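>>> What follows is a predicted structure for the sequence shown.
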Amino acid sequence: MVSVKEAKQKIITYSEPLSIETRNLSLSVDYVIAEDLIAPISLPSFRQSSMDGYALYHEDITATDIVLCIEAEAKAGENKVQFVERGNAVRIFTGAPVPEGATAVVMQEHTTRERDSVRIHEFPVTEGKNIRNIGQQIRQGDIALPAGTLLSAGGVGFLAGLNINQVNVYRKPKVGLLVTGDELVEAGGEISHGQIYESNSVMLRAALEREGITDISILHAKDNLEATKEALDLLYQNNDVVLASGGISVGDYDFVGTALAELGAETIFYKVKQKPGKPLLFGKKGQKLFFALPGNPASSLVCYYEYVLPAIRSLYGRKDCFLKSVQMPVASDYSFTGERDEFLKAMVTESGVLPLDGQESFAIRSFALADAIIYLPSEQREVKSGDLVEVHLIPR
Ligand SMILES: Nc1nc2c(c(=O)[nH]1)N[C@H]1C(S)=C(S)[C@@H](COP(=O)(O)OP(=O)(O)OC[C@H]3O[C@@H](n4cnc5c(N)ncnc54)[C@H](O)[C@@H]3O)O[C@H]1N2
Ligand code: MOO
């Protein structure tokens, strides 16, 4: 049995980034760029007006109500280079190139138009006012985004503005999931006494898809060694990560551990000092990772968020692998007696983070309402309302 801390360290140690692929920019959100991206152009690439108004020499504005002659008009998209003479102004619009010579733009609201001239009410006008300079955002040749950046909508917007339309990113893992348990009936089927509807695959697929993992294959195996081995082997051949749900405890019909061993997977750890999710197994064979998740739905999902998701994130190049962790006051008293650290399904409220009713490992309803997991190490087995606790935010 390993501690939560040791288990997490092992996860990161054994989850090296996968190979690199080139993707179209529009399909790269939530991927991690694998190399520094160099700006092919400066942004802005020319001096731009940031206001509708008048481009002028700021030194010409020596008092309020100076009147300048309007020499020309500059609108966005204009591709001729314009000039402005001392004592004159150019009518200009947001995004338009600022005429050569002009040192400021005065916004329209601070002027009065008088036929072919304009009266400037602003005084003094500072040099550079309302002008976006060349390279103010990024200069040609500089690193636009460093390797390791997780691309967001803002990220792809920025790169599109630089005309970077393809990016090298770490590929996302293919995930195989084996569902075990003879008591399980698939959605839509009839259940008889002793049977339950299978829900872990639905839940885990949803969680994986939330992370942008789309290549997911799911197999079901009967509770016998041969079927379990065969299915795990098939999933191993075709995926980077293999998850198994159920069959990892000590019962006579729990075959996942034996099957993995017989397939030659090395066990990195089995059993973590935690509740729920004690019988978690993490193993590897070559570069491929195996997780045997306890069948209890809440145990399975806690293990997914705390261990599987960080491994997957690490495989696709993320450095921030674990759920975002914050310290928050707990909104009610909570205590436990066991030796294992606890993960509690919880909800973030205005008065702190509230442990929800239904902390048992079969209870998944509380997870349906949870947006956070409270982590209580065994040394913190008695917390009082208002005490600070470690909270892991569930991605939503
Ligand atoms: N003698 C012991 N018994 C158990 C121990 C132990 O240390 N000694 N550990 C308990 C703990 S803790 C857990 S967690 C479970 C884990 O057991 P398994 O991983 O072998 O899971 P199963 O027995 O297959 O199932 C447990 C539970 O979850 C339901 N289940 C399973 N798969 C699904 C699914 N896909 N969808 C919905 N529900 C599922 C299953 O019906 C069981 O109720 O072992 C304890 N026992
Ligand atoms: O570890 Mo089990 O997941 O507590 O029921």
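On my side now, so go ahead. Ligands and ions are numbered 1, 2, ... in the order given.
>>> show me where this protein has helices.
Secondary structure of the chain by DSSP state H: the helices cover 4-14, 153-161, 200-210, 225-238, 256-262, 297-303, 309-315, 365-369.
>>> Switch those over to JSON lines; also include mean pLDDT, distance to R132 and mean neighbour count.
No exception for glycine: its C-beta is placed from N, CA and C like everyone else's. Listed next are the helices of the chain as JSON lines, based on pLDDT from 0 to 100; distance: least, C-beta to C-beta, whole Å; neighbours: other C-beta atoms under 10 Å:
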{"stretch": "helix 4-14", "mean pLDDT": "97", "distance to R132": "42", "mean neighbour count": "16"}
{"stretch": "helix 153-161", "mean pLDDT": "98", "distance to R132": "13", "mean neighbour count": "15"}
{"stretch": "helix 200-210", "mean pLDDT": "98", "distance to R132": "38", "mean neighbour count": "17"}
{"stretch": "helix 225-238", "mean pLDDT": "97", "distance to R132": "51", "mean neighbour count": "18"}
{"stretch": "helix 256-262", "mean pLDDT": "96", "distance to R132": "59", "mean neighbour count": "20"}
{"stretch": "helix 297-303", "mean pLDDT": "98", "distance to R132": "48", "mean neighbour count": "26"}
{"stretch": "helix 309-315", "mean pLDDT": "98", "distance to R132": "36", "mean neighbour count": "22"}
{"stretch": "helix 365-369", "mean pLDDT": "97", "distance to R132": "47", "mean neighbour count": "15"}
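>>> what's around E183, how many residues?
14 (other C-beta atoms under 10 Å).
>>> An error on my part: the question was meant for Y375.
21.
>>> swap in the one 10 residues further on?
Using other C-beta under 10 Å as the criterion, S385 is surrounded by 13 other residues.
>>> and it, how far is that from S351?
9 Å (C-beta to C-beta, to the nearest Å).
>>> Now do the shared contacts for the two.
P329, A331 (C-beta atoms under 8 Å, 6 or more residues apart in numbering).
>>> sorry, back to before: identify whichever of the helices of the chain lies nearest to ligand 1.
helix 200-210 (3.3 Å; C-beta to the nearest ligand atom).
>>> who's N168 bridged to?
In this entry, N168 is beta-bridged to T22, by DSSP bridges.
>>> can you pull the contacts of it?
N168 neighbours (C-beta under 8 Å, 6+ apart): I20, E21, T22, I33, A34, E35.
>>> rewinding a little: for my notes, please list the helices of the chain in a markdown table and give distance to P44 for each entry.
Shown next, in a markdown table, are those (distance: least, C-beta to C-beta, whole Å):
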| stretch | distance to P44 |
| --- | --- |
| helix 4-14 | 41 |
| helix 153-161 | 10 |
| helix 200-210 | 37 |
| helix 225-238 | 48 |
| helix 256-262 | 57 |
| helix 297-303 | 47 |
| helix 309-315 | 35 |
| helix 365-369 | 48 |
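>>> As JSON lines, those helices with distance to ligand 1 would be great.
Shown next, in JSON lines, are the helices of the chain (distance: least, C-beta to the nearest ligand atom, whole Å):
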{"stretch": "helix 4-14", "distance to ligand 1": "15"}
{"stretch": "helix 153-161", "distance to ligand 1": "34"}
{"stretch": "helix 200-210", "distance to ligand 1": "3"}
{"stretch": "helix 225-238", "distance to ligand 1": "11"}
{"stretch": "helix 256-262", "distance to ligand 1": "7"}
{"stretch": "helix 297-303", "distance to ligand 1": "4"}
{"stretch": "helix 309-315", "distance to ligand 1": "18"}
{"stretch": "helix 365-369", "distance to ligand 1": "12"}
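>>> out of those, which comes closest to ligand 2?
Smallest distance to ligand 2 across the helices of the chain (C-beta to the nearest ligand atom): 3.0 Å, for helix 297-303.
>>> Now do Q380 against ligand 1, distance only.
As for Q380, its distance to ligand 1 is 21 Å (criterion: C-beta to the nearest ligand atom, to the nearest Å).
>>> and the closest residue to that residue other than its chain neighbours, what is it in contact with?
Once flanking residues are discounted, Q380 sits nearest to V389: 7.2 Å by C-beta to C-beta, 6 or more residues apart in numbering. Neighbouring residues of V389 by C-beta under 8 Å, 6+ apart: Q327, M328, P329, V330, V353, I374, Y375, L376, Q380, V383.
>>> quick check, nearest of those to F282?
Y375 (18.2 Å; C-beta to C-beta).
>>> Could you report the pLDDT at that closest one?
If you check Y375, the pLDDT there is 98.
>>> Going forward, the N-terminal residue is numbered 59.
Sure thing, new numbering starts at 59, so read that last one as Y433.
>>> Surely it touches E448?
Yes - counting by C-beta atoms under 8 Å, Y433 touches E448, with 4.5 Å between them.
>>> Give the residues shared as contacts by the two.
Contacts common to Y433 and E448, judged by C-beta under 8 Å, 6+ apart, are S383.
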